[in-house]
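A.B. asks: here is the input, now give the coordinates:
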Amino acid sequence: MPNKNINFENVPESVTQPKHYHKGGIDVIGFLQEHFPERKYTITEGFFIGNAIKYICRYKEKNGIEDLEKAADYVQRLMDLEKGSESDEKNS
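C.D. replies: Prediction:
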């Protein structure tokens with residue numbers, strides 16, 4: 001759901017709904033909001049997950065391998081975060 005405090009009336013659709021984020025009737029932002037709710041994931045986790053999915057979804061239309069490398073970086077960051085959480089739980 002878009003931020004209701006921002007007026008998107010004069011913003012081009014290429015900014016608010018880029019084609020590389022809307023494939024096969026799937027809106028990546030809507031998918032993330034539905035499947036990764038804030039009440040279950042931290043802001044950091046959501047950021048890492050969202051960026052990984054974003055880069056994977058757009059890699060063919062945008063930057064190819066570079067986007068896949070960016071996605072892998074965010075997945076690695078998420079894994080490091082999880083490993084740190086697991087380590088913290090064991091030490092508690």
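A.B. asks: alpha carbons only for contacts and neighbour counts from here, please
C.D. replies: OK.
A.B. asks: would you map the strands across the protein?
C.D. replies: 22-23, 26-27 (DSSP state E).
A.B. asks: mean pLDDT lowest for which of those?
C.D. replies: Mean pLDDT is lowest for strand 22-23 among the strands of the chain, at a mean of 62.
A.B. asks: in this structure, which helix or strand is least confident?
C.D. replies: strand 22-23 (a mean of 62; mean pLDDT, DSSP states H and E).
A.B. asks: tell me which residue is most central in the protein.
C.D. replies: Nearest to the geometric centre of the chain sits Gly50, at 1.1 Å (C-alpha atoms, centre = their mean).
A.B. asks: how near is it to Phe31?
C.D. replies: As judged by C-alpha to C-alpha, to the nearest Å, Gly50 and Phe31 stand 10 Å apart.
A.B. asks: quick check: which ranges of the protein have low pLDDT?
C.D. replies: Counting by pLDDT under 70, the chain contains low-confidence ranges at 1-8, 14-24, 87-92.
A.B. asks: repeat that for 90
C.D. replies: 1-39, 54, 57-58, 61, 85-92 (pLDDT under 90).
A.B. asks: the helix ranked longest in it: which residues count as buried?
C.D. replies: The helix that spans the most residues within the chain, counting by DSSP state H, is helix 65-91. Going by neighbour count (16 or more other C-alpha atoms under 10 Å), the buried part of helix 65-91 is 67-72, 74-75, 77-78.
A.B. asks: check contacts around Met79.
C.D. replies: Contact partners of Met79, counting by C-alpha atoms under 8 Å, 6 or more residues apart in numbering, are absent.
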